[in-house]
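Trainee: Provided below are the primary sequence and the corresponding predicted coordinates.
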Amino acid sequence: MVKEFEGQRSGERVLFVFRRHILTSVRGFLWFIVVAGLSVLVVVIWGGGALPVMLGGFFVGGLGWLYAYMLWHFSVYVVTNERLRQISQKGLFKKTVTDIGLNKIQSISYKTRGMFGTILIQTLVGDMTVSMVGRVGEVYNKLQNAVAGANNRGEK
């Protein structure tokens with residue numbers, strides 16, 4: 001679990017970290033299947049002389065899969081005793097960071113569909129939607145507890 005992160009404030013403690021479900025990176029796997037499958041098809045049609053094409057297809061497909069995994073792995077939600085920080089990896093060299101103070105959160109709700117859920121966090125300035133969350137009920141309860149704790153500290 002992440003204990004420290006870039007931009008962490010003095011006295012700020014990480015309560016928990018969560019991600020969207022790994023199946024959000026399924027496009028990378030599908031890319032691998034399509035590219036590798038096409039390269040195997042080329043070898044079947046043209047014979048053993050096209051073996052480098054097949055190896056290249058597996059390499060390119062693997063790179064696509066790795067890229068999708070990297071985007072998933074480096075996109076996280078960090079909940080501290082003060083705020084919720086969303087870190088979204090958008091490409092190899094681009095990421096977006098959004099902070100919401102826990103005391104600014106007005107309500108949190110969730111819905112499930114199958115194995116995954118969507119969490120809706122409402123604030124005065126807008127909403128944050130986190131889709132494809134695994135164990136959504138557990139994450140929801142932890143978020144509710146974090147917000148309640150922040151509000152209780154603010155009242156004292």
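Mentor: Perfect, thanks for sending it. Numbers count the residues shown, from 1 in each chain.
Trainee: looking at this, R153 is in a helix?
Mentor: Yes - counting by DSSP: H, G, I helix; E, B strand; the rest coil, R153 is located in a helix.
Trainee: state the number of residues packed around it.
Mentor: 12 (other C-beta atoms under 10 Å). For the C-beta atoms, the positions are set from N, CA and C on the backbone; glycine is no exception.
Trainee: which parts of the strand or helix carrying G61 are buried?
Mentor: Per DSSP states H and E: G61 is located in helix 51-73. For helix 51-73, the neighbour count (16 or more other C-beta atoms under 10 Å) marks 53-54, 57, 61, 64-65, 67-68, 71-72 as buried.
Trainee: just stretch 137-154 next, same as before
Mentor: Buried-residue list, stretch 137-154, by 16+ other C-beta under 10 Å: 139-140, 143, 146-147, 150.
Trainee: try stretch 84-100
Mentor: Buried-residue list, stretch 84-100, by 16+ other C-beta under 10 Å: 84-87, 89, 100.
Trainee: Throw these into a markdown table and include pLDDT, thanks.
Mentor: Listed next are the buried residues of stretch 84-100 as a markdown table, based on pLDDT from 0 to 100:
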| residue | pLDDT |
| --- | --- |
| L84 | 95 |
| R85 | 95 |
| Q86 | 95 |
| I87 | 94 |
| Q89 | 94 |
| I100 | 94 |
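Trainee: got phi/psi on S107?
Mentor: phi -160, psi 160 (degrees, to the nearest 10).
Trainee: which residue is the nearest non-sequential neighbour of it?
Mentor: Among residues not flanking S107 along the chain, Q122 sits closest, at 4.8 Å (C-beta to C-beta, 6 or more residues apart in numbering).
Trainee: tell me which residues form a beta bridge with the one you found?
Mentor: Beta-bridge pairing for Q122 (DSSP bridges): S107, D127.
Trainee: so who does it touch?
Mentor: 105-109 (C-beta atoms under 8 Å, 6 or more residues apart in numbering).
Trainee: need the residues that contact stretch 37-53.
Mentor: Everything outside stretch 37-53 that qualifies as a contact, by C-beta under 8 Å, 6+ apart, is 54-58, 61.
Trainee: do that again at 6 Å, thanks
Mentor: For stretch 37-53, contacts defined as C-beta atoms under 6 Å, 6 or more residues apart in numbering pick out 54, 57.
Trainee: endpoints of that stretch, how far apart?
Mentor: Using C-alpha to C-alpha, to the nearest Å, one end of stretch 37-53 lies 11 Å from the other.
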